[in-house]
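A.B. asks: here is the input, now give the coordinates:
(one chain, ligands or ions: 2)
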Amino acid sequence: MTQPILRISGLHKRFGDHHVLQGIDFDVQPGDRVAILGSSGSGKSTFLRCLNFMETPSAGRIELKGRPIGRPDARGGDAVRYTQAELAQVRRQVGMVFQQFNLFPHMTVLGNVMEGPITVRGMAAARARDIALRELDKVGLAHKADAYPGHLSGGQQQRVAIARALAMEPDVLLFDEPTSSLDPELVGEVLNVIRDLAEEGRTMLLVTHELGFAYHYANKVLFLADGLIYEAGTPDEVLKHPRKERTQRFLERFT
Ligand code: ADP
Ligand code: MG
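C.D. replies: Ligands and ions are numbered 1, 2, ... in the order given. Got it, this is the predicted structure:
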């Protein structure tokens, strides 16, 4: 058995009285392409955000390549505590791409992609520039290096956001509905980039409603409901032959 890249055990997240994640257990193996489905409000974003500690888990354990991130609160609360050094490490190893791109509008495309390598990885500007141009080339946007995000289409902005995540040379990529805010004609160019990454063997978790894409490019599919992984399996098992009633009802909406 290879060591999982991410080992998630007993993950809980509460917002006040709202118990959004109620004990998620899941291992992500190297090269896994995990599609995450679920109704709006089922906790898909919260789940991804806990994995790179944009949200602090309320309880549970997350191991990144065998190393636990944080530890239970020593004062007896159930929150997970971590150091700033651990946080920087996680941010570097776990890349995130958001629905709304979240590029810095006052920085050029190149500046956006260089920012992480310089500030988080402590890289010299010249080397960060080389890496940024390499990753922009990979998403087909090296020629837009000097443009500002506001002058790009949504699809191009999202490809820049993917290049920005790649420039950190992460072990895992998290995509949170990366095509949901795009006009339909721009969805394909972004999915093509994600497909290329999948075919390279990158490890990724992808929240998406693009079921056709999930069917072809994921190797595992999770359906979240009631704060838990309600059903999990191969794309064929979950998307074509769901066993459980809530999964069936959810999928009916797409047919
Ligand atoms: P999904 O991505 O599946 O639509 P989310 O993870 O965004 O769901 O949200 C799950 C639930 O948690 C929702 O009811 C949402 O309102 C709530 N929630 C998410 N983030 C916060 C927050 N920062 N504070 C309070 N409630 C939140
Ligand atoms: Mg969401």
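
A.B. asks: V113 reaches A161, doesn't it?
C.D. replies: No: counting by C-beta atoms under 8 Å, V113 sits too far from A161 to count as a contact (9.2 Å). For every residue, glycine as well, the C-beta is placed using N, CA and C.

A.B. asks: so these two - more neighbours on which side?
C.D. replies: Between V113 and A161, counting by other C-beta atoms under 10 Å, V113 is the more crowded of the two (31 against 26).

A.B. asks: excluding chain neighbours, what is closest to that one?
C.D. replies: Beyond its immediate neighbours in the sequence, the residue positioned closest to V113 (C-beta to C-beta, 6 or more residues apart in numbering) is A132, lying 3.8 Å away.

A.B. asks: V34 sits in which helix or strand?
C.D. replies: Applying DSSP states H and E as the criterion places V34 in strand 33-38.

A.B. asks: near ligand 1 at all, that strand?
C.D. replies: Yes: among the residues of strand 33-38, G38 lie within reach of ligand 1 under C-beta under 6 Å from any ligand atom.

A.B. asks: which other helices and strands contact that strand?
C.D. replies: Based on contacts counted as 3 or more C-beta pairs under 8 Å, 6 or more residues apart in numbering; DSSP states H and E, the elements that strand 33-38 packs against are helix 44-51, strand 203-207, helix 211-217, strand 220-225.

A.B. asks: where does the protein come near ligand 1, residue by residue?
C.D. replies: When proximity is defined by C-beta under 6 Å from any ligand atom, the chain lies next to ligand 1 at 15, 18, 20, 38, 40-46.

A.B. asks: make it 8 Å
C.D. replies: Contact residues, the chain versus ligand 1 (C-beta under 8 Å from any ligand atom): 13, 15-16, 18, 20, 38-47, 49, 55, 176-177, 207, 224.

A.B. asks: which PyMOL command selects the buried ones in those?
C.D. replies: A single PyMOL command selects the buried members of these (16 or more other C-beta atoms under 10 Å):
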select buried, resi 13+20+38+42+43+44+45+46+47+49+55+176+177+207+224
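
A.B. asks: so what's the nearest residue to R159 once chain neighbours are set aside up against?
C.D. replies: The shortest distance from R159 to any residue that is not its chain neighbour, by C-beta to C-beta, 6+ apart, is 4.0 Å, and that residue is V139. By C-beta atoms under 8 Å, 6 or more residues apart in numbering, V139 lies in contact with 159-160, 162-163, 166, 193.

A.B. asks: try L191
C.D. replies: The neighbourhood of L191, defined by C-beta under 8 Å, 6+ apart, consists of 179, 210, 213.

A.B. asks: what is the least confident helix or strand in the chain?
C.D. replies: For the chain, the helix or strand with the lowest mean confidence is strand 71-72, at a mean of 72 (criterion: mean pLDDT, DSSP states H and E).

A.B. asks: after that strand, which helix or strand is next?
C.D. replies: Sequence order places strand 80-81 as the next helix or strand after strand 71-72, per DSSP H and E.

A.B. asks: that next one pairs with which strands, parallel or anti?
C.D. replies: In the sheet containing strand 80-81, its partner strands are strand 71-72 (antiparallel), by DSSP bridges.

A.B. asks: picking up where we left off before, please see if the strand holding V34 touches ligand 2.
C.D. replies: No: for strand 33-38, no contact with ligand 2 is found by C-beta under 5 Å from the ion; the gap never falls below 8.8 Å.

A.B. asks: hmm, K65 is touching D27, no?
C.D. replies: No: using C-beta under 8 Å as the test, K65 is too far from D27 to be in contact (11.9 Å).
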